[in-house]
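Asker: The sequence and its predicted three-dimensional model are supplied below.
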Amino acid sequence: MNYWAIFKKGIFDQNPIFRLALSLCPALAVTSNVFNALGMGLAVMFVITANNVVVSIVRRWVNQKVRVPVFITIIATIVTLTQLMLEAFLPALYKELGIYLALIVVFAIILARAEVFAMKNGIVPSFFDGLGMGTGFALAMLLVGTIREVFGTGAFLGFPVLPASYNGPLILILAPGAFMVIGLLIGLFNVIGEYRSKLAAQRGEA
Amino acid sequence: MGEVKIEVGKLSVSASPHIRCDESIAKIMWMVNLALAPAALFSIYRFGLSALYTMVICIVAAIVTEYAIQKWQGKTITVSDGSAFLTGLLLAMNIPSTVPWYMPLFGSAVAIAVAKHTMGGLGFNIFNPALVGRAVLLASWPVAMTTWPTMASKLDGVTSATPLGILKLQGYAKLVEIFGDKMTMYKSLFFGSRSGSMGETAALLLILGGIFLIYRGYINWQVPVVMIGTVGVLTAVFGQDPIMHMMSGGLILGAFFMATDMVTIPITVKGQMVFAAGAGALTVLIRLLGGYPEGVCYAILLMNAVTPLIDLWLKPKKFGARR
């Protein structure tokens, strides 16, 4: 199996936020600045990759009927680990993310990848699938966070990048701004996706 | 049965529609613009050139945004039908004249691009674009959007709170004291010598414009009457001054020009009355209990959201059908 293809699909074709529209809650809630968005993205990337590997290992011994509780227990364990590690080594980020860190347990994308991919595939493909999906998620969070922070406050990671006279619309920092930014980005990704599939079709014909 | 003779030339056979009227979207929209014109001109007279600049920026930004989006999507370009012009004008009437230039620009662009064209353009938008633009601006720059130029003095840069703002923060007695006595207050509210957004101050001219639209049959008189009436009744019930409440804030502008927007309100007259009553009640709720001094904008937007439900609830009975 082509590992590169498995890894790559999470970044654009099946981007968790913009294409699958899963886990929109963190994309709305913690993207008001780049630091939080990226921290959240990396935390999810770690959880999703580790969870895919563990699920792939144990899948032979999991009864179909109780697979969801088993998945959730595994995810909760990994999230607890992440939480404790962040609290120990990055207390600032831990404080900023607050409740959303614990909420990673119920992010749709993590359970979805366990169910759709890791349950049916071996350890190595599952690892790449988790890594690709996690990367796609983290990049999407970074994109939303960058747009909101740069145009909302005129700064990037806290460093001013736009002139001091820039008086950005506060709404980008607030929740409605997040909805608008994500909605418009989903639209943009759909346009690009259509364009790409048209290109691919032309290549196929030629 | 006798033979039916059809004389050729006397009976014309054609597909429906058989009765045509000369109304069109463009005509209605320009008529609404015309109805708003007196109040708009009055605001330029009272607030000076800054009002004109803000208005022009709003309108031009709305038209340019609409043109750009329709061009990009390959749709028929309909900027000349006046609907983008109306959105820009209504947005301008809803904001203070003193805001910096980029705020009306941003508000108009959001109103047209996000509230109108992401939904599919004219006729498909759920929310009133101008009000969405205003709500976005209020959330984006709360300080600039609530700094009102006063009309009492003609000096530049003198600002004051709106009557409702004074009412919220300092109470009714203080409000009457500022105007002198009750009669003066009513008079200045009615004739528009008070602070506020550009278009909301001249109650008289707005009512005249509204009556013109009712006379032309473009809006139903029930909507403004029920909405303003609800506000009057509820404020009286809660022990406030109903006359002051009915004439202040954006209520008259909202009731005549925004709660009557054909796209975003229920289809039936009964539904429109429910809509108006709901908008009036929400306005009172926000004014008396909410964090903002004025709530017409949010009240109408909230009722826009439930418009499909009202339509579903008050579906007219089919002729002869039993419930």
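Answerer: Noted; the coordinates are in hand.
Asker: Number of residues surrounding the closest residue to B:Thr98 other than its chain neighbours?
Answerer: Spatial nearest neighbour of B:Thr98, chain neighbours left out: B:Pro149 (5.0 Å); criterion: C-beta to C-beta, 6 or more residues apart in numbering or on different chains. In short, each C-beta sits where N, CA and C put it, glycine included. Applying other C-beta atoms under 10 Å in any protein chain shown, we find 22 residues neighbouring B:Pro149.
Asker: do the same with A:Gly154
Answerer: 16.
Asker: coming back round to it: you'd agree the residue nearest to B:Thr98 is up against B:Ile95?
Answerer: No - the criterion here is C-beta atoms under 8 Å, and B:Pro149 misses it with B:Ile95 at 11.4 Å.
Asker: any idea which element the residue nearest to the spatial centre of chain A lies in?
Answerer: The residue lying closest to the centre of chain A (C-alpha atoms, centre = their mean) is A:Phe137, at 2.3 Å. According to DSSP states H and E, A:Phe137 maps onto helix A:123-153.
Asker: Partner strands of the following helix or strand past that helix and their direction?
Answerer: Once helix A:123-153 ends, the next helix or strand along the chain (criterion: DSSP H and E) is strand A:155-156. Sheet partners assigned to strand A:155-156 using DSSP bridges are listed as strand A:159-160 (antiparallel).
Asker: which residues sit in contact with B:Val110?
Answerer: A:Met180, B:Val132, B:Gly133, B:Val136 (C-beta atoms under 8 Å, 6 or more residues apart in numbering or on different chains).
Asker: Check whether the helix holding A:Phe137 comes near chain B.
Answerer: No - judged by C-beta under 8 Å from any C-beta of the partner chain, helix A:123-153 stays clear of chain B, getting no closer than 9.0 Å.
Asker: That helix: which residues count as buried?
Answerer: Going by neighbour count (16 or more other C-beta atoms under 10 Å in any protein chain shown), the buried part of helix A:123-153 is A:125-153.
Asker: And the pLDDT at B:Phe319?
Answerer: The model reports B:Phe319 with a pLDDT of 81.
Asker: Please apply the same query to the one 3 residues further on.
Answerer: Predicted confidence (pLDDT) at B:Arg322: the value is 71.
Asker: Look up how far B:Ile252 lies from it.
Answerer: 43 Å (C-beta to C-beta, to the nearest Å).
Asker: All the helices of the stretch 101-250 of chain B, residue numbers only.
Answerer: B:102-110, B:129-140, B:142-145, B:163-170, B:172-179, B:182-191, B:203-216, B:222-237, B:242-247 (DSSP state H, counting those that start in this stretch).
Asker: contacting residues for residue 71?
Answerer: Answering for chain A, as no chain was given. Counting by C-beta under 8 Å, 6+ apart, A:Phe71 has contacts A:Asn51, A:Val55, A:Leu111, A:Ala114, A:Glu115.
Asker: right idea, wrong chain: chain B
Answerer: Residues in contact with B:Lys71 (C-beta under 8 Å, 6+ apart) are B:Ile77.
Asker: helix, strand or coil for it?
Answerer: When classified by DSSP: H, G, I helix; E, B strand; the rest coil, B:Lys71 comes out as helix.
Asker: Next, count neighbours for residue 168.
Answerer: All of this refers to chain A. Using other C-beta under 10 Å: A:Gly168 sits among 20 other residues.
Asker: oops, I was thinking of chain B
Answerer: Neighbour count of B:Lys168, defined by other C-beta under 10 Å: 18.
Asker: Quick check, it in contact with B:Gly291.
Answerer: No - if you go by C-beta under 8 Å, B:Lys168 and B:Gly291 don't touch, sitting 9.1 Å apart.
Asker: Pick out the residue of chain A closest to chain B.
Answerer: Closest to chain B within chain A is A:Pro169: 3.4 Å, counting by C-beta to the nearest C-beta.
Asker: Name the nearest residue to that residue, sequence neighbours excluded.
Answerer: B:Ser140 (3.4 Å).
Asker: how close does that neighbour get to B:Pro104?
Answerer: Taken as C-beta to C-beta, the span from B:Ser140 to B:Pro104 is 12 Å.
Asker: more crowded one of those two?
Answerer: Each of B:Ser140 and B:Pro104 has its neighbours counted (other C-beta under 10 Å); B:Pro104 has more, 27 against 24.
Asker: in the helix or strand harbouring B:Asn33, what's buried?
Answerer: Using DSSP H and E, B:Asn33 sits in helix B:25-47. Buried positions in helix B:25-47, judged by neighbour count with 16+ other C-beta under 10 Å: B:28-33, B:35-36, B:38-40, B:42-44, B:46-47.
Asker: What is that helix packed up against?
Answerer: Where contact means 3 or more C-beta pairs under 8 Å, 6 or more residues apart in numbering or on different chains; DSSP states H and E, helix B:25-47 is packed against helix B:49-73, helix B:83-93, helix B:203-216.
Asker: about what we covered before: so for B:Arg322 and B:Ile252, which residue has more residues nearby?
Answerer: B:Ile252 (29 against 5).
Asker: who touches the more buried one in this structure?
Answerer: Counting by C-beta under 8 Å, 6+ apart, B:Ile252 touches B:Glu200, B:Ala203, B:Leu206, B:Ile207, B:Gly210, B:Pro224, B:Ile228, B:Met246.
Asker: Output the residues you listed in JSON lines; the columns should cover distance to A:Leu157.
Answerer: Shown next, in JSON lines, are those (distance: C-beta to C-beta, whole Å):
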{"residue": "B:Glu200", "distance to A:Leu157": "42"}
{"residue": "B:Ala203", "distance to A:Leu157": "50"}
{"residue": "B:Leu206", "distance to A:Leu157": "49"}
{"residue": "B:Ile207", "distance to A:Leu157": "53"}
{"residue": "B:Gly210", "distance to A:Leu157": "52"}
{"residue": "B:Pro224", "distance to A:Leu157": "51"}
{"residue": "B:Ile228", "distance to A:Leu157": "51"}
{"residue": "B:Met246", "distance to A:Leu157": "51"}
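Asker: picking up where we left off before, which of the contacts of A:Phe71 lies closest to B:Ile77?
Answerer: Nearest to B:Ile77 among these is A:Leu111, at 46.9 Å by C-beta to C-beta.
Asker: what's the spacing between the host helix or strand of the closest one and its chain's center?
Answerer: Taking DSSP H and E as the criterion, A:Leu111 maps to helix A:108-113. Computed by C-alpha atoms, centre = their mean, to the nearest Å, the chain-centroid distance of helix A:108-113 equals 10 Å.
Asker: Buried residues, it. List them.
Answerer: Those would be A:Ile109, A:Ile110, A:Leu111, A:Ala112, A:Arg113, for helix A:108-113 by 16+ other C-beta under 10 Å.
Asker: need the contact list for residue 26.
Answerer: Picking chain A for this. A:Met40, A:Val44, A:Tyr100, A:Leu103, A:Ile104, A:Phe107, A:Met141.
Asker: Not quite, go with chain B.
Answerer: B:Ser80, B:Asp81, B:Gly82.
Asker: surely the last one meets B:Met29?
Answerer: Read that as B:Gly82. Yes - in this structure, B:Gly82 is within contact of B:Met29 by C-beta under 8 Å, at 3.4 Å.
Asker: Kindly check the end-to-end length of stretch B:234-244 for me.
Answerer: 13 Å (C-alpha to C-alpha, to the nearest Å).
Asker: of the contacts of A:Phe71, closest to A:Leu81?
Answerer: Proximity of the contacts of A:Phe71 to A:Leu81 was ranked by C-beta to C-beta; the top entry is A:Asn51 with 11.0 Å.
Asker: Does the closest one lie in a helix or a strand, and which?
Answerer: Going by DSSP H and E, A:Asn51 is in helix A:34-58.
Asker: could you point out which element follows that helix?
Answerer: Moving toward the C-terminus from helix A:34-58, the first helix or strand encountered (DSSP H and E) is helix A:67-89.
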